[in-house]
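A.B. asks: Predicted model and sequence follow; I will ask about them next.
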Amino acid sequence: MGQQVRDGFVELYGTGPEGVWSAPGRVNLIGEHTDYNDGFVMPFALPHTAVAAVSKRTDGVLRLHSADVEGGVVELRLDDLAPETDRNWTAYPAGVVWALREAGHPVTGADVHLASTVPAGAGLSSSAALEVVIALALNDLYELGLQRWQLARLCQRAENVYVGAPTGIMDQTASACCEEGHALFLDTRDLSQKQIPFDLAAEGLRLLVVDTRVKHAHNEGEYGKRRAGCEKGAALLGVDALRDVAYDDLDAALARLGDEEEIVRLVRHIVTENHRVERVVSLLESGETRAIGPVLVEGHASLRDDFRISCPELDLVVDTALASGALGARMTGGGFGGSAIVLAEAADVDTITKAVQEAFAAAGFTAPRVFEAVPAAGARRLSRGTSSR
Ligand code: GAF
């Protein structure tokens, strides 16, 4: 796709870009809604990417164009960029430019043409991919010298402040830092990372992504409500973040919350979910990959019953996949729609896929999109200058 995006840039702007970059979407294996509680997550990168051809400008103008969206080039003046003024796709790349400048980086403009294969609204981080690809391009072109984790932080700031979605740091870090063939064990408190080898094919296993086609968005209120509830839980328990509630102390902590029923549920999810991430890491490190299946299922139950962010379509994927022989399944990402993941023996993939498709048809739901996820590379530069690919 790099060449196509480069050609699109030439057609639009009449000259070749200074480079072409890509940044992937992600799937989260385990560790949901833990990132804004200073907890653990374990995403891996998808082969689906946002690809951007970019050149610098010196006149304080940002020109943005997407091959995926109707409409022409959007031209913005850097001095006019202001938080929560843009409700379109352009808010993601423009937010990154705003965040870089606000942090004091000397970005003086850019021409951008991009295209993405990350399905939008599917809970697979299409917006983080857009942010990270722009951040990486500008970091290279303006020689800012920022490290990957710093780019992820700036992208999160773009999303939180400029776009106005109160998300955590997982998606941007996944897009910026994941490595091919690995899942990323990330401690969101200090952003320390460990790449965990995750080669399912070598073990005769597959991981399916089932996009329910139920669109979700993080700035629609429910995400923010969960985040506020978790913060209230931490305050009631006298800790900086729910990450500080030890799994072994969970019962005592919940007892201290008394009749705060909703907070009890949120706290229980976060504390048990952090523990599930640690269990999955240790199972993978000891080569017991199949044994992560039941942990994924527990994670789904916790998101459905305690955190209450699943939906009938996601539950149907999980229930149908498990009834058809899957080793594990759960919703992935922010919830309220989006995608589920299914861990299965390679030999069972067709049966499970068919069963899910039939169950959706029988329930009168839109046909889901099912594909296999193989851990892919994180963000990278695809080409330099105008002639290379
Ligand atoms: C969304 C958010 F963007 C992430 O930060 C994370 O909270 C996730 O939902 C839930 O784990 O993808």
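C.D. replies: Received it, and whenever you're ready, just let me know what you need.
A.B. asks: The longest strand seen in the chain: what's the following helix or strand?
C.D. replies: Longest strand of the chain, by residue count under DSSP state E: strand 43-56. On the C-terminal side of strand 43-56, the nearest following helix or strand under DSSP states H and E is strand 61-66.
A.B. asks: Could you pull out the buried residues of that following strand?
C.D. replies: Buried residues in strand 61-66, defined by neighbour count with 16 or more other C-beta atoms under 10 Å: 62-66. C-beta here means a position set from N, CA and C on the backbone, and glycine is covered the same way.
A.B. asks: ok, so of those, who is nearest the ligand?
C.D. replies: For the buried residues of strand 61-66, the minimum distance to the ligand (C-beta to the nearest ligand atom) is 20.4 Å, reached by Ser66.
A.B. asks: Bridge partners for the closest one, pull those for me.
C.D. replies: Leu114 (DSSP bridges).
A.B. asks: Check the one 10 residues further on too.
C.D. replies: Partner residues in beta bridges with Leu76, using DSSP bridges, are Leu62.
A.B. asks: Spit out the contact partners of it.
C.D. replies: Applying C-beta atoms under 8 Å, 6 or more residues apart in numbering, we find Leu76 in contact with 61-64, 90, 94.
A.B. asks: Distance of the residue lying closest to Arg256 once chain neighbours are set aside relative to Asn37?
C.D. replies: Counting by C-beta to C-beta, 6 or more residues apart in numbering, Arg256 lies nearest to Leu237, which is 6.4 Å off, once chain neighbours are set aside. Distance of Leu237 to Asn37, given as C-beta to C-beta, to the nearest Å: 12 Å.
A.B. asks: out of the two, which sits in the more crowded spot?
C.D. replies: Using other C-beta atoms under 10 Å as the criterion, Leu237 and Asn37 rank with Asn37 on top: 29 against 19.
A.B. asks: Stretch 83-99 vs the ligand: in contact?
C.D. replies: No. Using C-beta under 6 Å from any ligand atom, stretch 83-99 never reaches the ligand; the gap is at least 12.2 Å.
A.B. asks: what does the stretch 1-150 of the chain put close to the ligand?
C.D. replies: 28, 32-33, 35-36.
A.B. asks: could those be laid out in JSON lines, adding distance to Leu207, neighbour count and secondary structure?
C.D. replies: Listed next are these as JSON lines, based on distance: C-beta to C-beta, whole Å; neighbours: other C-beta atoms under 10 Å; DSSP: H, G, I helix; E, B strand; the rest coil:
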{"residue": "Asn28", "distance to Leu207": "12", "neighbour count": "30", "secondary structure": "strand"}
{"residue": "Glu32", "distance to Leu207": "16", "neighbour count": "28", "secondary structure": "coil"}
{"residue": "His33", "distance to Leu207": "21", "neighbour count": "27", "secondary structure": "coil"}
{"residue": "Asp35", "distance to Leu207": "21", "neighbour count": "24", "secondary structure": "helix"}
{"residue": "Tyr36", "distance to Leu207": "25", "neighbour count": "22", "secondary structure": "helix"}
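A.B. asks: Distance-wise, check the closest residue to His105 other than its chain neighbours relative to His113.
C.D. replies: Excluding the flanking residues, the one nearest His105 by C-beta to C-beta, 6+ apart is Leu144, at 5.3 Å. Distance, Leu144 to His113, by C-beta to C-beta: 21 Å.
A.B. asks: more crowded one of the two?
C.D. replies: Each of Leu144 and His113 has its neighbours counted (other C-beta under 10 Å); His113 has more, 26 against 17.
A.B. asks: So that one sits against Gly2, correct?
C.D. replies: No. Counting by C-beta atoms under 8 Å, His113 does not reach Gly2; the two are 11.7 Å apart.
A.B. asks: where does the chain have low pLDDT?
C.D. replies: 217-220, 386-389 (pLDDT under 70).
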